[in-house]
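Trainee: What follows is a protein structure lacking sequence information:
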């Protein structure tokens, strides 16, 4: 089992460019999450999907969109990147929303110039 | 005030020593509490859950103090491999996790 995988690992964008971060899990988990991590701050939830077919906003959703493509895949899209979106992005999954996630992807380091 | 706060450290501790750090939370309605470990440039990994009665796993002990609204993590007989950043997370009523910024621990030989 690969667990939670993310692509790409690194990305440099110019302000205004768009991109999609991909995430997949092979543990048959129902719930998936996107977080961002910035220096000196805790992980902040961007969006989550409690189950296939549903998505909900987290703490910091502005500037992002998500798609729960199927039970395995949950993508995060930046339509028009801004320097404030420079961060490390983690995808995570858990069996159910009420179960804390112990499974994170390796992260995507994004730099927006 | 942040919802979840941790001393950022770093805590510099000699190998074999005992070290403890706390995490305070502001929402008295919080239901569940967790400690995660994050190695440099890696993803967080669940270390242990924190139960009302306390929780022990080998050299690690986690405790919850609801009256003072903090959780603690105690590491006994610390190893070089314990060097990492320790994150606390608190589950809100809607099951979203709110995270502390982490405490950096450095174990010195």
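Mentor: In hand now; what should we look at? Small disclaimer: the values here were computed from a predicted structure and weren't measured.
Trainee: so where does the most centrally placed residue in chain A fall, helix or strand?
Mentor: Among the residues of chain A, the one closest to the centroid is residue A:34, at 2.9 Å (CA atoms, centre = their mean). According to DSSP states H and E, residue A:34 maps onto strand A:31-37.
Trainee: where's that strand relative to the chain centroid, distance-wise?
Mentor: 4 Å (CA atoms, centre = their mean, to the nearest Å).
Trainee: Also compute the angle for the following helix or strand past that strand relative to strand A:31-37, please.
Mentor: Next along the chain after strand A:31-37, taking DSSP H and E as the criterion, comes strand A:44-49. Here strand A:44-49 runs at an angle of 160 degrees relative to strand A:31-37 (axes from the mean of the first three to the mean of the last three CA atoms, to 10 degrees).
Trainee: what's the nearest residue to residue B:54 once chain neighbours are set aside in contact with, if anything?
Mentor: Take residue B:54 and drop its neighbours on the chain: the residue closest to it by CB to CB, 6 or more residues apart in numbering or on different chains is residue B:63, 4.6 Å away. For the C-beta atoms, the positions are set from N, CA and C on the backbone; glycine is no exception. By CB atoms under 8 Å, 6 or more residues apart in numbering or on different chains, residue B:63 lies in contact with B:50, B:54-55, B:71-72, B:74.
Trainee: ok, which stretches of the chain are strands?
Mentor: As the question left the chain open, I've gone with chain A. Assigned by DSSP state E, chain A shows strands spanning A:4-7, A:10-13, A:19-25, A:31-37, A:44-49, A:56-57, A:64-68, A:74-78, A:87-94, A:103-104, A:108-112.
Trainee: Chain B is the one I meant
Mentor: So, for chain B - with DSSP E - the strands run B:4-6, B:11-14, B:19-25, B:32-38, B:44-50, B:55-57, B:60-65, B:70-75, B:84-91, B:97-99, B:103-108.
Trainee: Now mean pLDDT too, for those strands, in a markdown table please.
Mentor: Output for those, formatted as a markdown table (pLDDT from 0 to 100):
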| stretch | mean pLDDT |
| --- | --- |
| strand B:4-6 | 94 |
| strand B:11-14 | 96 |
| strand B:19-25 | 95 |
| strand B:32-38 | 94 |
| strand B:44-50 | 92 |
| strand B:55-57 | 92 |
| strand B:60-65 | 95 |
| strand B:70-75 | 96 |
| strand B:84-91 | 94 |
| strand B:97-99 | 91 |
| strand B:103-108 | 97 |
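Trainee: got a list of contacts for the strand holding residue A:34?
Mentor: Strand A:31-37 is contacted by residues A:21, A:23, A:25, A:43-51, A:58, A:60, A:64, A:66, A:68, A:74, A:76, A:85, A:87-97, A:99, A:101, A:107 when judged by CB under 8 Å, 6+ apart.
Trainee: Can I have the buried ones of those residues as a PyMOL selection?
Mentor: A single PyMOL command selects the buried members of these (16 or more other CB atoms under 10 Å in any protein chain shown):
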select buried, chain A and resi 21+23+25+43+44+45+46+47+48+49+50+58+60+64+66+68+74+76+85+87+88+89+90+91+92+93+94+97+101+107
